[in-house]
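Q: Have a look at this prediction, sequence included:
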Amino acid sequence: MENNRGTELFLRICNGSLQFGRWLGANTGNVNILVQTTVEAGRKYDAVGTYDSEYWRLYLDGVLVASLYDPGRDIGVYENFNGETFNPVWLLGGHGDPNQRCQFVGTIYNAEVYDTALTSEQVSEVCGPIAKLTGPTASTV
């Protein structure tokens, strides 16, 4: 199994949009799957992206702002049209190619990765008023 070959899972800011999804590389025969919403520069956000084997969901400050139905994906391993399999890399904030316009400039205060998709209720708890008062409790990537 190949290690990467350009495959990415991402939560990033690109051209003023917060985006969550995947990119399988230019030569895989697959396209981007992502959800996005516009964000303002200089403002603090709590951003959460989830995928539950059916829907890509993007939450901003605990509120669902975009979703996309894309059932049956295994986001841990991808196979291209030639039958090659790849482990994608996780990108947080920007793009793996420094020549792209999706380079993040700012501060990430907290990043957490879970082995299961959070529910809407769990996202609200993580991003809700109590979480804002108490601050981050974990910092894992």
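A: Cool, the structure landed.
Q: tell me the contacts of residue 42?
A: Counting by CB atoms under 8 Å, 6 or more residues apart in numbering, residue 42 touches no other residue. Quick note: C-beta positions are derived from backbone N, CA and C, even for glycine.
Q: do residue 94 as well
A: For residue 94, the contacting residues are 12-14, 100, 102-104, by CB under 8 Å, 6+ apart.
Q: would you list the residues you listed in TSV and tack on secondary structure and pLDDT?
A: Output for the contacts of residue 94, formatted as TSV (DSSP: H, G, I helix; E, B strand; the rest coil; pLDDT from 0 to 100):
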residue	secondary structure	pLDDT
12	strand	84
13	strand	82
14	strand	80
100	coil	66
102	coil	73
103	coil	71
104	coil	75
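Q: which of these tops the neighbour count?
A: residue 12 (24 neighbours; other CB atoms under 10 Å).
Q: Please report how far it lies from residue 67.
A: Taking CB to CB, to the nearest Å as the criterion, residue 12 is separated from residue 67 by 18 Å.
Q: Residue 22 now?
A: From residue 22 across to residue 67, the span is 15 Å (CB to CB).
Q: When those two are compared, which one has more neighbours?
A: In this view residue 22 and residue 67 are compared by other CB under 10 Å, and residue 22 has more residues nearby, 20 against 14.
Q: Which strands or helices does the helix or strand where that one lies pack on?
A: Under the criterion of DSSP states H and E, residue 22 resides in strand 17-23. For strand 17-23, the packing partners by 3 or more CB pairs under 8 Å, 6 or more residues apart in numbering; DSSP states H and E come out as strand 8-14, strand 33-38, strand 47-51, strand 55-60.
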